[in-house]
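K.L.:
Need a 3D model of the sequence below.
(one chain, ligands or ions: 1)
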Amino acid sequence: MLEQDAAHPTRVVRWGILGTAHIAQVALIPAIQQSRNGVVAAIASRDPIQAEVVAQVYGIPRTYGSYAALLDDPELDAIYIPLPNHLHAEWTIRALQAGKHVLCEKPLALNAEQAQHMVATARAHERLLMEAFMYRFHPRSQEIHALVQQGALGHLLLARASFSFRHTRPHDYRLDPAMGGGALLDVGCYGVNVLRWMLNAEPEVVHAYTVYGETGIDVTTVGMLRFPDGRIATVEASFATAVQQSLALIGTSATIEVPHTAFAPGTAPASYLWRGADARDGSNVTLDGVDEYQLMVEHFSDAVLGDTELAYPPEDSICTMRVLDALAESALAEAPITLPMQPCDTLAVAEAVAAVA
Ligand SMILES: NC(=O)c1ccc[n+]([C@@H]2O[C@H](COP(=O)([O-])OP(=O)(O)OC[C@H]3O[C@@H](n4cnc5c(N)ncnc54)[C@H](OP(=O)(O)O)[C@@H]3O)[C@@H](O)[C@H]2O)c1
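P.N.:
Modelled structure (predicted):
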């Protein structure tokens, strides 16, 4: 399946793209094209002319007028899925069943149950599946995560993650509840994911407050998450505020803050603020700019080529979805929700694999 490409001295992964999404055009197609181990070999759109227009702009050799036709292309190894959220599960499962590896946009699914089916299908078909949380591949995120895990903050007791922006596009799936719209799924998923990652644990109880919009989506959701050992975190997601992308990790001996662009810093140099015991002290640490999307797709391609294991197995996405489900349920019920004691990853997937088999 993997071809020798004259432009690439080593093996390369041949990617197909489902849909001509904005994020594919501004970030993922360029990232794959600049990657050391991948090429964009084909793109599909519901509209064949649109597929051709985008293919011409980006120099993509093959186009398809339907997603199903692209999945039938035997020359493709991996599929990138940047469709509206309600289509992630269906097209991921169809791509996996067609024998392709899948990088699917966040949130992986509409809920944990869908995510479980997607992961089970990947396991049953022995294909790779990963949620496209690109921020995890940024060296700043990696450095902060390593510092926290090494105990550089002491015991991490409090954490805050915030991602919001002022949504002004009238015809956007983000406004439609049936398409997986709403701030919690769109940007709250980053906060939940980063909090679970940094705290290296699952919350036991969550309590959320939501302001709903005219179309029925959550416009603003703020959640509190109680983790084991007396650790508490908050997550904020909104379509109604000025741009906000921040992370604060507050330990018993030091604090790390990323006041801006915590998840999508672009390719500019990326900083974080380190503060020790004395709140008046503080130093900015700045890392070189990178393309985190490129690092993500290079990692995924390495895994497809068998050169590495996936750093973030898809079971992790089931756990993120389970917390998002609980936050949404809590907001509706106006009450705290206790999460199940059973592990969200291995046990659930083992059961789902058995169901798919
Ligand atoms: N990782 C990131 O940085 C990041 C950033 C933004 C968005 N995202 C994620 O990427 C996904 C796409 O977001 P986006 O803002 O790029 O979306 P978008 O520009 O609205 O594109 C979605 C694409 O899906 C296809 N599609 C299929 N059925 C559709 C339907 N019923 N309505 C609308 N589009 C439909 C369309 O392609 P065709 O018409 O060509 O078939 C459309 O271009 C979402 O899951 C989002 O959460 C990730």
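K.L.:
From here on, just use CA atoms for contacts and neighbour counts.
P.N.:
OK.
K.L.:
Which stretches in this protein count as helices?
P.N.:
22-23, 29-34, 48-58, 67-71, 88-97, 112-124, 139-149, 183, 189-199, 292-304, 315-333, 346-356 (DSSP state H).
K.L.:
which residues are contacting the fifth one?
P.N.:
Residues from elsewhere that reach helix 88-97 (Cα atoms under 8 Å, 6 or more residues apart in numbering): 71, 79, 81-82, 101-102, 104-105, 108-110, 114-115, 118, 121-122, 125, 127.
K.L.:
what's the answer for the first one, then?
P.N.:
Contact with helix 22-23 is made by Pro82, as judged by Cα under 8 Å, 6+ apart.
K.L.:
Would you mind finding the most buried of the helices of the chain?
P.N.:
Ranked by mean neighbour count under mean count of other Cα atoms under 10 Å, these are led by helix 183, which reaches a mean of 27.
K.L.:
closest one to Glu214 among the helices of the chain?
P.N.:
helix 183 (13.5 Å; Cα to Cα).
K.L.:
distance between the closest one and the chain's centre?
P.N.:
Put simply, helix 183 sits 14 Å off its chain's centre (Cα atoms, centre = their mean, to the nearest Å).
K.L.:
mean confidence for that helix?
P.N.:
Helix 183 comes out with an average pLDDT of 98.
K.L.:
Hmm, Met134 and Met296 touching each other?
P.N.:
Yes. Assessed by Cα atoms under 8 Å, Met296 is found in contact with Met134 at 5.8 Å.
K.L.:
Domain map for the chain?
P.N.:
3-134+347-356, 136-291+309-338 (automatic domain parsing).
K.L.:
and the residue nearest to the spatial centre of the chain, what is it in contact with?
P.N.:
Nearest to the mean C-alpha position of the chain, by Cα atoms, centre = their mean, lies Phe133 at 2.8 Å. Residues counted as contacts of Phe133 (Cα under 8 Å, 6+ apart) are Glu105, Lys106, Tyr190.
K.L.:
which among the residues you listed are in contact with the ligand?
P.N.:
When Cα under 6 Å from any ligand atom is applied, the members of these adjacent to the ligand are Glu105, Lys106.
K.L.:
Reformat the contacts of Phe133 as CSV; add pLDDT.
P.N.:
As requested, these are exported to CSV (pLDDT from 0 to 100):
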residue, pLDDT
Glu105, 98
Lys106, 98
Tyr190, 98
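K.L.:
Give me the neighbour count for Ala208.
P.N.:
Residues contacting Ala208 under the criterion other Cα atoms under 10 Å number 24.
K.L.:
just checking, it touches Val222?
P.N.:
Yes. At 5.5 Å, Ala208 and Val222 qualify as touching, with contact defined as Cα under 8 Å.
K.L.:
Pull up the gap between Arg46 and the ligand, please.
P.N.:
Counting by Cα to the nearest ligand atom, to the nearest Å, the gap from Arg46 to the ligand is 4 Å.
K.L.:
again, but for Thr252
P.N.:
Remark: distance between Thr252 and the ligand (Cα to the nearest ligand atom) = 32 Å.
K.L.:
That residue: neighbouring residues, count only.
P.N.:
15.
K.L.:
which ones are touching it?
P.N.:
If a contact means Cα under 8 Å, 6+ apart, then Thr252 has Leu153, Gly154, His155, Leu156, Leu157 as its contacts.
K.L.:
now, among these, which is nearest to Leu287?
P.N.:
Using Cα to Cα, Leu153 is the member of the contacts of Thr252 that lies nearest Leu287, at 19.4 Å.
K.L.:
Quick check: that closest one touching Ile250?
P.N.:
Yes. Using Cα under 8 Å, Leu153 is in contact with Ile250, at 7.2 Å.
K.L.:
Now do the shared contacts for those two.
P.N.:
Here Leu153 and Ile250 have Ile256 as joint contacts, going by Cα under 8 Å, 6+ apart.
K.L.:
Under the pLDDT cut-off, which ranges of the stretch 201-350 of the chain? List them.
P.N.:
By pLDDT under 70, the low-scoring segments of the stretch 201-350 of the chain are 279, 346-350.
K.L.:
Could you find the closest non-adjacent residue to the closest residue to the ligand within it?
P.N.:
Nearest residue of the stretch 201-350 of the chain to the ligand, counting by Cα to the nearest ligand atom: Ala264, 6.8 Å away. Closest residue in space to Ala264, ignoring its immediate chain neighbours: Tyr135 at 6.4 Å, by Cα to Cα, 6 or more residues apart in numbering.
K.L.:
The one you found: neighbouring residues, count only.
P.N.:
Residues near Tyr135, counting by other Cα under 10 Å: 22.
K.L.:
Now do it against Ser164, distance only.
P.N.:
16 Å (Cα to Cα, to the nearest Å).
K.L.:
Ok, Ile256 next?
P.N.:
Distance from Ile256 to Ser164, by Cα to Cα: 20 Å.
K.L.:
swap in Leu70?
P.N.:
34 Å.
K.L.:
related to what we said a few turns ago, could you dump the helices of the chain into a markdown table and include distance to Gly282?
P.N.:
Compiled in a markdown table, these are given as follows (distance: least, Cα to Cα, whole Å):
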| stretch | distance to Gly282 |
| --- | --- |
| helix 22-23 | 36 |
| helix 29-34 | 34 |
| helix 48-58 | 44 |
| helix 67-71 | 51 |
| helix 88-97 | 42 |
| helix 112-124 | 40 |
| helix 139-149 | 15 |
| helix 183 | 32 |
| helix 189-199 | 21 |
| helix 292-304 | 26 |
| helix 315-333 | 32 |
| helix 346-356 | 41 |
